[in-house]
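Engineer: Requesting a structural model of the entry that follows:
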Amino acid sequence: MTTTTLAVLVPLLPFLAAAAGLLLGRTAPGFVRPLAVLPTLACLVLAVLVAAGQGGGRPLDAVTELTPTGSVPVELALHIDGYAALVAVLVATVATCVQLYSTGYLRDDPRYPSYAALVSLFTSAMLLVVYSGDLIVLLIGWEVMGICSYFLVGHYWETPEARAASLKAFLVTKLGDVPFLIGLFALAGDTGSFRITKILGAVTSGGLHHPTLIALLLLAGVAGKSAQFPLHSWLPDAMAGPTPVSALIHAATMVAAGVYFVARLLPVFQASPAAMTVLAVMAAVTMAGSALAALAQDDIKRVLAYSTIGQLGYMTGALAVGDRGAAVFHLLSHGAFKALLFLAAGVVIHVAGTNSLAAMSRTGNLRESVPDAYWTMTVALLSLAAIPPFSGFFSKESVLGAAEHAATGHTGQAPGAAGWTVLVAGLLTALLTGAYAMRLWLLAFRGQGAESPGHGRQPVTMNAVLWVLAVPSLAFGGLAFRVLPDWFGGPSLTPALTTSVLGTGLALAGVVVTYGAWRHTTALAARTPMGAVAAHPEADAGLVEAEAIATHRPAYGDIAYAADPADPARLLLGPLHRHAATGFHLDAVYRTLFVRPVLAGASLVRFLDREVVETYVRGAGAAPRLLGAAVRRAQTGNVQTYVSALLAGTVVLAVAVVLVATGA
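Structural biologist: Residues are numbered from 1 along each chain as shown. Modelled structure (predicted):
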């Protein structure tokens with residue numbers, strides 16, 4: 001079987017599994033779990049074989065015309081280079097782990113068949129984006145992922161939070177997709193093709209006539225899909241969905257698509273220095289802002305959600321300085337440890353019975369109840385904080401090293417201002433990442449309370465997946481920075497001395513300062529009467545999600561904690577904590593700038609329709625109604641009256657005729 005055939009089967013297998021799962025989910029429930037796991041596992045094996053066949057050498061291209069358009073053709077094309085081959089392996093690996101994990105996590109969920117089918121369809125759509133060599137075919141996978149995220153985030157549709165989160169995710173990403181679609185057509189209009197290879201060839205030969213406009217339009221779609229400022233606010237709310245869905249979206253699908261798209265078409269963006277500067281600013285604001293927000297969250301999943309936004313900011317920052325090798329390296333590394341973080345968080349939530357870090361900190365023996373999650377999550381948090389020798393250190397330092405090269409003028413692929421912007425923001429984010437990673441670990445596993453976990457042990461499949469993902473989180477980076485340059489055909493990914501020392505030193509400083517603040521606040525809490533910690537839903541970032549593990553459904557409600565004296569974030573952030581906990585009020589800004597004007601406009605239209613348009617309609621009907629009433633009065637049914645009226649009319653006509661004749 002040729003490599004091309006194998007590549008076609010990679011996205012096709014999970015698509016067929018999704019179709020079969022939707023058809024057989026109710027009639028043959030015994031086939032649901034095999035249909036969820038086995039095709040995805042086979043897809044992983046095929047993706048590995050495709051990567052081995054590609055081997056980082058010459059790209060694999062295959063094309064057939066999909067449909068004649070009369071102008072720019074749409075083609076069913078494959079373009080598999082080293083980037084695509086390895087990203088596909090990541091997608092298939094995480095999807096397989098999520099499907100295995102979900103068999104335990106959602107074992108009692110009555111909607112598991114549709115859930116598993118949608119996860120398979122989600123996987124298929126992302127693999128189509130990864131392998132596609134034609135932008136219209138890529139767009140199909142791009143939009144299918146959007147609708148899958150809508151259904152999966154809203155899986156617990158009984159809760160208003162899940163319904164609102166799914167709708168928000170759909171609308172915000174569509175807000176970016178509209179200019180994205182315009183940008184695709186403008187790009188095809190300039191280059192004469194939707195084929196990626198032809199577009200890149202046209203850009204190299206100077207065939208792109210509107211580079212800044214096209215790049216900015218495409219960046220709008222990327223910002224929405226990859227949750228970059230200012231279209232990032234949907235991602236923390238998407239935590240209302242099942243935890244395995246969060247792992248899939250954050251680690252390998254959906255948000256990774258925007259970064260991958262820019263990496264694949266990076267020369268298009270490099271044709272516009274203005275667009276590269278905008279990308280750098282967007283990455284910098286996203287990195288720093290999301291890290292501050294993560295430090296202030298009480299919901300463990302929202303901490304990880306803001307962490308994902310920040311790590312994606314590192315990737316877009318690497319792209320902004322023209323190094324797609326560093327960006328994809330961090331994409332691969334982040335996919336492993338972020339999937340592990342979410343799935344380990346799911347185990348912790350399963351046992352603790354709550355998403356609240358404040359509640360977990362009151363459970364002093366939680367680490368003893370979830371030893372697998374404790375150790376594997378520790379590995380993932382160390383990787384997230386970029387502590388050597390964990391994989392996140394090597395991939396994050398490759399980003400900082402690329403930014404340093406751009407800032408010092410050692411590369412001409414990006415403006416120097418973009419390099420400095422990404423470098424300074426990246427170092428600040430390294431400090432904050434160490435802080436919020438340490439805070440999460442302390443509150444989740446080092447609580448000083450005496451409460452017992454509310455639930456028993458978790459299924460074996462959930463723990464097994466954690467150890468599988470712990471291996472690349474620990475060992476991938478040390479091997480990859482030596483091997484990946486051959487696959488990517490780019491510069492070295494070896495960590496630079498300056499940024500390694502600065503980045504690691506700042507991360508360790510964040511860890512140490514947070515630990516010191518925690519010790520101080522813990523001592524303060526020990527002297528604080530228990531009644532001082534009151535529950536006030538309005539005191540923090542809102543109500544905290546608490547998943548009812550017995551049914552694996554989230555129960556949003558009254559679990560909220562006021563100023564917990566054991567939380568070091570309040571000491572570290574001070575007055576900024578209140579603003580960071582709400583995501584710096586971005587949703588409130590959107591409500592003021594967009595939602596309220598739209599609602600006001602809708603009210604005005606309704607008023608005009610009811611009071612103005614309907615008035616004219618009623619007026620137009622009033623005259624015939626009055627005439628009809630007058631005519632109706634004349635219909636008395638009295639024959640004498642009718643004859644008298646006839647005679648009177650005859651007399652009037654006769655007089656009129658005489659007068660006319662006399663006048664003539």
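
Engineer: neighbours around Pro624, how many?
Structural biologist: Residues lying near Pro624 (other CB atoms under 10 Å) number 9. All C-beta atoms are positioned from the backbone trio N, CA, C, and that covers glycine.

Engineer: secondary structure element for it?
Structural biologist: Here Pro624 is covered by helix 614-634, with elements defined by DSSP states H and E.

Engineer: For the closest residue to Met360 other than its chain neighbours, grab the count of nearby residues.
Structural biologist: Beyond its immediate neighbours in the sequence, the residue positioned closest to Met360 (CB to CB, 6 or more residues apart in numbering) is Ala444, lying 4.9 Å away. By the criterion of other CB under 10 Å, Ala444 has 25 neighbours.

Engineer: again with Pro388
Structural biologist: Neighbour count for Pro388, taken as other CB under 10 Å: 17.

Engineer: try Leu659
Structural biologist: Around Leu659 there are 10 residues (other CB under 10 Å).

Engineer: just Met1 next, same as before
Structural biologist: 8.

Engineer: you'd agree Val89 is in a helix?
Structural biologist: Yes. Note on Val89: a helix contains this position according to DSSP: H, G, I helix; E, B strand; the rest coil.

Engineer: How much space separates it from Leu44?
Structural biologist: Val89 sits 7 Å away from Leu44, taking CB to CB, to the nearest Å as the criterion.

Engineer: same thing with Gly146?
Structural biologist: Distance, Gly146 to Leu44, using CB to CB: 24 Å.

Engineer: How about Val617?
Structural biologist: Using CB to CB, Val617 is found at 64 Å from Leu44.

Engineer: between the two, which one's more packed in?
Structural biologist: Neighbour count, other CB under 10 Å: between Val617 and Leu44, Leu44 has more, with 22 against 10.

Engineer: OK, contacts around the residue nearest to Met360?
Structural biologist: Counting by CB atoms under 8 Å, 6 or more residues apart in numbering, Ala444 touches Ile300, Val348, Leu357, Met360, Ser361, Leu366, Met377.

Engineer: C-terminal to the helix or strand it falls within, what's the next element?
Structural biologist: Assigned by DSSP H and E, Ala444 falls within helix 416-445. Reading on from helix 416-445 to the C-terminus, the next helix or strand found by DSSP H and E is helix 460-488.

Engineer: Point out the other helices and strands that that next one packs with.
Structural biologist: Under the contact criterion of 3 or more CB pairs under 8 Å, 6 or more residues apart in numbering; DSSP states H and E, helix 460-488 touches helix 82-105, helix 324-352, helix 371-384, helix 391-407.

Engineer: Tell me which residues are up against the third one.
Structural biologist: To tie it back to what came earlier, the one meant is helix 371-384. Applying CB under 8 Å, 6+ apart, the set of residues contacting helix 371-384 is 307, 311, 333, 336-338, 340-341, 344-345, 347-348, 351, 366-367, 390-393, 433, 437-438, 440-441, 444-445, 463, 466-467, 469-470, 473-474, 477.

Engineer: Weed out the non-buried ones from those.
Structural biologist: Among the contacts of helix 371-384, those classed as buried by neighbour count (16 or more other CB atoms under 10 Å) are 307, 311, 333, 336-338, 340-341, 344-345, 347-348, 351, 366-367, 390-393, 433, 437-438, 440-441, 444-445, 463, 466, 469-470, 473-474, 477.

Engineer: if we can go back for a sec, would you reformat the helices and strands packed on helix 460-488 as a markdown table and include distance to Pro34?
Structural biologist: Formatted as a markdown table, the helices and strands packed on helix 460-488 follow (distance: least, CB to CB, whole Å):
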| stretch | distance to Pro34 |
| --- | --- |
| helix 82-105 | 10 |
| helix 324-352 | 21 |
| helix 371-384 | 25 |
| helix 391-407 | 32 |
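
Engineer: For Ala125, find the nearest of the ones you listed.
Structural biologist: helix 82-105 (10.0 Å; CB to CB).

Engineer: Quick one: mean pLDDT for the closest one?
Structural biologist: Per-residue pLDDT over helix 82-105 has a mean of 96.

Engineer: chain center to stretch 150-170, what's the gap?
Structural biologist: Computed by CA atoms, centre = their mean, to the nearest Å, the chain-centroid distance of stretch 150-170 equals 13 Å.

Engineer: about what we covered before: out of the helices and strands packed on helix 460-488, flag the one nearest Leu175.
Structural biologist: helix 324-352 (23.8 Å).

Engineer: show me where the stretch 1-150 of the chain has strands.
Structural biologist: Using DSSP state E, counting those that start in this stretch, the strands of the stretch 1-150 of the chain run over residues 60-67, 74-80.

Engineer: and Val399, what does it touch?
Structural biologist: Val399 sits in contact with Tyr314, Met315, Gly317, Ala318, Asp323, Ala326, Ala327, His330, Val422, Gly426, where contact means CB under 8 Å, 6+ apart.

Engineer: host element of the second one?
Structural biologist: Just to be clear, that refers to Met315. Applying DSSP H and E as the criterion places Met315 in helix 300-320.

Engineer: what helices or strands is that helix leaning on?
Structural biologist: In terms of contacts (3+ CB pairs under 8 Å, 6+ apart), helix 300-320 is packed against helix 234-237, helix 243-251, helix 255-264, helix 273-296, helix 324-352, helix 357-361, helix 391-407, helix 416-445.

Engineer: Kindly calculate the angle that the fifth one makes with helix 243-251.
Structural biologist: For the pair helix 324-352 and helix 243-251, the angle between their directions (axes from the mean of the first three to the mean of the last three CA atoms, to 10 degrees) equals 160 degrees.

Engineer: what's the angle between helix 324-352 and helix 255-264?
Structural biologist: 170 degrees.

Engineer: how many other residues sit next to Phe476?
Structural biologist: 22.

Engineer: For the helix ranked longest in the chain, buried residues please.
Structural biologist: If you go by DSSP state H, the chain has its longest helix at helix 160-191. Neighbour counts over helix 160-191 (16+ other CB under 10 Å) mark 161-162, 165-166, 168-170, 172-173, 175-177, 179-184, 186-188, 190-191 as buried.

Engineer: one step back: list the buried residues for the helix holding Met315?
Structural biologist: For helix 300-320, a neighbour-count test (16+ other CB under 10 Å) marks 300-320 as buried.

Engineer: got it, and stretch 512-524?
Structural biologist: Buried residues in stretch 512-524, counted by 16+ other CB under 10 Å: Val513, Thr514, Tyr515, Ala517, Trp518, Thr521, Thr522.

Engineer: what's the pLDDT at the first one?
Structural biologist: In other words, Val513. What the model reports as pLDDT for Val513 is 97.

Engineer: The spatially closest residue to it that is not a sequence neighbour and Leu381, how far apart?
Structural biologist: Once flanking residues are discounted, Val513 sits nearest to Ala435: 6.7 Å by CB to CB, 6+ apart. Distance check for Ala435 against Leu381: by CB to CB, it reads 12 Å.

Engineer: Repeat that for Phe481.
Structural biologist: Distance of Phe481 to Leu381, computed by CB to CB: 21 Å.

Engineer: between the two, who's got more neighbours?
Structural biologist: Taking other CB under 10 Å, Phe481 and Leu381 do not tie; Leu381 has more neighbours (28 against 23).

Engineer: And that one, how far from Ala344?
Structural biologist: Distance, Leu381 to Ala344, by CB to CB: 9 Å.

Engineer: likewise Gly189?
Structural biologist: On the measure of CB to CB, Gly189 and Ala344 end up 47 Å apart.

Engineer: Then Gly516?
Structural biologist: Using CB to CB, we find Gly516 at a distance of 26 Å from Ala344.

Engineer: Same question for Leu13.
Structural biologist: For Leu13 relative to Ala344 (CB to CB), the value is 28 Å.

Engineer: cool, Met239 as well?
Structural biologist: Distance of Met239 to Ala344, given as CB to CB: 15 Å.
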